[in-house]
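# Model the structure of this input:
(2 chains)
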Amino acid sequence: MKDINISAKRIKTEMFTLLVCFFIGFAANIGAVIYYKSAVIEIITSLPYVLVFMVAIYCLWSFLRLIKWLIAGKSRKSLQTKN
Amino acid sequence: MTNINRRQFLKNMGMIGGGVLLATSPWFSVFSERKDTIGSIARIGIIGSGSRGQFLMNFMAKNSKVEICAICDIYQPSIDAALKIAPKATVYKDYRRLLDDKTIDAVLIATPLDKHYNMVMDAFDAGKHVFCEKSIAYSLDETYSIYQKYKSSNKVFFVGQQRLFDPRYIKTMEKVHSGEFGDISGFRTFWHRNNDWRRAVPSPEMDEQINWRLYKKHSRGVMTELACHQLQVGTWAMRQIPNKIMGHGAITYWNDGRDVYDNVSCIYVFDNGVKMNFDSVLSNKFYGLEEQILCSKGTIEPEKSKYYFEEIPPAPAFLQMINDAENALFGSLPFAGTSWVPETANQNSGHYLLDQKTPDAESSSLIVEAFAEAVITQKQPPLIAEEGYYATALSLLGHQAMEEERMLVFPDKYKIDYLNHKANQYKL
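Now for the predicted structure:
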């Protein structure tokens, strides 16, 4: 069985992506609290929802990257065949 | 219920000290001398030791302040069962012989409805305190006469309206009377069952004796057996007696020889226009029984021990945002605005009235214990007889309205000095 090596750079990139997703969710939560005139404490109490949201948009972003990678892979293959 | 349990009950209600409890349920003053009555005994005779009589005897047998010294019944299986609860009790077949026993302080009457009148009147004449199972009597004339007899007797008179002692209902009334739920807008009471309400009889000629609830000769059916409990909740909450009564009754399912209705619907109208409905269908039990108290700020369902506020707190802002985004993307209908959306009931799971589940039998235990205390102290707790009187009167008027198929106005001659009613000078 082949070992899968994940580079430190990849881990850093994924961690950074996850962090960005979290901050998007966190900012959206603050915006919602202001927009719906809810209690400020919801910035903390709604963190579980923010975490679920973070995972959801991370998965969505990963899915988009996967499609991009598949398309790019196909392009590379067709170029190699031509050459 | 033991003394410790009762104290615990009062503590659980958050009412020990009595202020709130006595404001909404003044009959609880009966327990104010409970320490002074330790060591005293109420000697009680049971007239009618059938299933209900035995049920109440079970609580008496556990009460150290009660001695069941006599039982009276004409049905041997009931006597045998009662003797298992009170083996030392003297057995009588004629209630008048039981009343002749000068050592008996009080009687508990749990016989068919049409037998109540003579028994209660004779018991007061014999100088006994009386606990009469609901309803008080078979007719308004009898009920009124019994109440007048009680007033002139200087004796204790309890009616088996055990909801008066039920923690769920007491908590409900505390909430309603404090104004927490706003104005009362209406009551929807119902008691549905899906059975024939019959009991097995050893021989056909005993059918009327055992299944007396099913025959107008002996009973007023669901009105006197079920509705009287629920109508009393309405007057307790409103602190008013309704003055207009209408209804319709029919036999729609159990065409088995009975002549009391198995399908009834009554409307009781209070002076301010608020209505109290009572419905009973004996061929569907899906909704069971409940007294729904509909107020401007919320609804209470004491039987379920739950209450629901009209305005439920909004969802967290984050979820509202997600929901709005979802609606904006998928949920908008270009041809219909909000006015087309029907007013469907809120998804509102409500809150519990009490922190812990109260056993259903607790109220029956407590009312029997209260009666024993009152017999020992010889003090009638306030309002308990009046609540019982009007519960019976309203159930009988409901029956009359159905029989005559017309709207009735509460007759002046049956009014007593209570709440919005003033006694009439007319004497029967």
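# drop to CA atoms for contacts and neighbour counts, all remaining ones
Noted.
# ok, which residues in chain A are in contact with chain B?
By the rule Cα under 8 Å from any Cα of the partner chain, the part of chain A lying against chain B is A:A28, A:N29, A:A32, A:V33, A:Y36, A:K37, A:S38, A:E42, A:S46, A:Y49.
# pLDDT score assigned to A:Y35?
Per-residue pLDDT puts A:Y35 at 94.
# B:I146: how many residues sit nearby?
22 (other Cα atoms under 10 Å in any protein chain shown).
# Quick one: neighbours of B:F190, just the number.
B:F190 has 22 neighbouring residues, counting by other Cα under 10 Å.
# quick check: mean pLDDT across the top helix by length along chain A?
The helix that spans the most residues within chain A, counting by DSSP state H, is helix A:47-82. What helix A:47-82 shows for mean pLDDT is 90.
# next one: stretch B:372-385
Mean predicted confidence for stretch B:372-385 is 96.
# circling back: which ones among the residues of chain A next to chain B lie within helices?
Among these, the members falling in helices (DSSP H) are A:A28, A:N29, A:A32, A:V33, A:E42, A:Y49.
# Of those residues, which is the most crowded?
Ranked by neighbour count under the definition other Cα under 10 Å, these are headed by A:N29 with 24 neighbours.
# so the closest residue to that one other than its chain neighbours is in which element?
Distances taken as Cα to Cα, 6 or more residues apart in numbering or on different chains place B:F318 nearest to A:N29, at 5.3 Å, with adjacent residues excluded. Applying DSSP states H and E as the criterion places B:F318 in helix B:317-326.
# Quick check: what element follows that helix along the chain?
Elements were assigned by DSSP H and E; along the chain past helix B:317-326, the next helix or strand is strand B:351-352.
# Contacts for the helix or strand following that next one next, please.
Scanning the chain past strand B:351-352 towards its C-terminal end, the next helix or strand to appear is helix B:362-377 (assignment: DSSP H and E). By Cα atoms under 8 Å, 6 or more residues apart in numbering or on different chains, the residues outside helix B:362-377 that reach it are B:1, B:6, B:28, B:30-31, B:33-34, B:37, B:40-42, B:56, B:59-60, B:63, B:65-66, B:105-106, B:129, B:131, B:156, B:158, B:160, B:162-167, B:380-381.
# ditto for stretch B:154-168
With contacts defined as Cα under 8 Å, 6+ apart, stretch B:154-168 is touched by B:9, B:13, B:25, B:124, B:127-136, B:150, B:169-170, B:229, B:232-233, B:302-303, B:305, B:353-354, B:358, B:362-364, B:366-367, B:371, B:374-375, B:378-380, B:384-385, B:388.
# The residue nearest the centre of chain A: what's it in contact with?
Nearest to the mean C-alpha position of chain A, by Cα atoms, centre = their mean, lies A:Y58 at 2.4 Å. Residues in contact with A:Y58, defined by Cα under 8 Å, 6+ apart, are A:T17, A:L18, A:C21.
# Among these, which one lies nearest to chain B?
Lowest distance from chain B to the contacts of A:Y58 (Cα to the nearest Cα) belongs to A:C21, with 15.2 Å.
# Buried residues, the helix or strand that closest one falls within. List them.
When secondary structure is defined using DSSP H and E, the element that contains A:C21 is helix A:8-35. Residues A:T17, A:L18, A:C21, A:F22, A:G25, A:F26, A:A28, A:N29, A:I30, A:G31, A:A32, A:V33 are the ones in helix A:8-35 that count as buried (16 or more other Cα atoms under 10 Å in any protein chain shown).
# Tell me which two of the residues you listed sit farthest apart.
In the buried residues of helix A:8-35, the most distant members under the criterion Cα to Cα are A:T17 and A:V33, with 24.4 Å between them.
# Give the closest residue to residue 50 in space, chain neighbours not counted.
Picking chain A for this. In space, A:V50 is closest to A:G25, 5.3 Å off (Cα to Cα, 6+ apart).
# Oops, wrong one, chain B.
B:S78 (5.1 Å).
# and the one you found, what does it touch?
The contact partners of B:S78, by Cα under 8 Å, 6+ apart, come to B:S49, B:G50, B:S51.
# which parts of the helix holding B:F318 are buried?
Of the residues in helix B:317-326, those buried (16+ other Cα under 10 Å) are B:A317, B:F318, B:L319, B:M321.
# roughly how far apart are the third one and B:A328?
Right, the one you point to is B:L319. Between B:L319 and B:A328 the computed distance is 14 Å (Cα to Cα, to the nearest Å).
# what's the answer for the second one, then?
Look at B:F318 and B:A328: by Cα to Cα, they are 15 Å apart.
# burial of whichever residue of the stretch 101-250 of chain B sits closest to chain A, as a residue count?
The shortest separation between the stretch 101-250 of chain B and chain A is 23.7 Å, found at B:E180 (distances taken as Cα to the nearest Cα). By other Cα under 10 Å, the residues close to B:E180 number 14.
# What residues does B:I245 make contact with?
In this structure, B:I245 makes contact with B:C266, B:I267, B:Y268, B:V269, B:L397, B:G398, B:A401, B:M407, B:L408, B:V409, B:F410, judged by Cα under 8 Å, 6+ apart.
# I'd guess it is in a strand, am I close?
Yes - checked against DSSP: H, G, I helix; E, B strand; the rest coil, B:I245 lies within a strand.
# For residue 22, give me the pLDDT.
No chain in the question, so chain A it is. Predicted confidence (pLDDT) for A:F22: 96.
# wrong one, chain B
B:L22 is assigned a pLDDT of 85 by the prediction.
# again, but for B:S32
If you check B:S32, the pLDDT there is 85.
# quick one on the thing from earlier: which one of the buried residues of helix B:317-326 is nearest B:T252?
B:L319 (49.6 Å).
# Without its sequence neighbours, what residue ends up closest to that closest one?
Leaving aside its chain neighbours, B:L319 sits nearest to A:Y49 (7.8 Å; criterion: Cα to Cα, 6+ apart).
# Break chain B into its domains for me.
With automatic domain parsing as the criterion, the domains of chain B are listed as B:3-161+B:360-380, B:165-312+B:345-359+B:390-409.
# Rebuild those domains as JSON lines, extending it with distance to B:H421.
Shown next, in JSON lines, are these (distance: least, Cα to Cα, whole Å):
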{"stretch": "domain B:3-161+B:360-380", "distance to B:H421": "14"}
{"stretch": "domain B:165-312+B:345-359+B:390-409", "distance to B:H421": "7"}
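# do you know how far the residue nearest to B:G50 is from B:S280?
Taking Cα to Cα as the measure, B:S78 falls 29 Å from B:S280.
# for B:A227, same thing?
Distance check for B:A227 against B:S280: by Cα to Cα, it reads 8 Å.
# Neighbours of A:I71, how many?
Residues contacting A:I71 under the criterion other Cα under 10 Å number 12.
# Could you list which residues are in contact with it?
Applying Cα under 8 Å, 6+ apart, no residues contact A:I71.
# Same check on A:R65?
No contacts exist for A:R65 under Cα under 8 Å, 6+ apart.
# so of the contacts of B:I245, which ones are in strands?
Applying DSSP state E to these, the entries found in strands are B:C266, B:I267, B:Y268, B:V269, B:L408, B:V409.
# still on that earlier bit, does the residue nearest to A:N29 really touch A:A27, like I thought?
No - under the criterion of Cα atoms under 8 Å, B:F318 is not in contact with A:A27, lying 10.4 Å apart.
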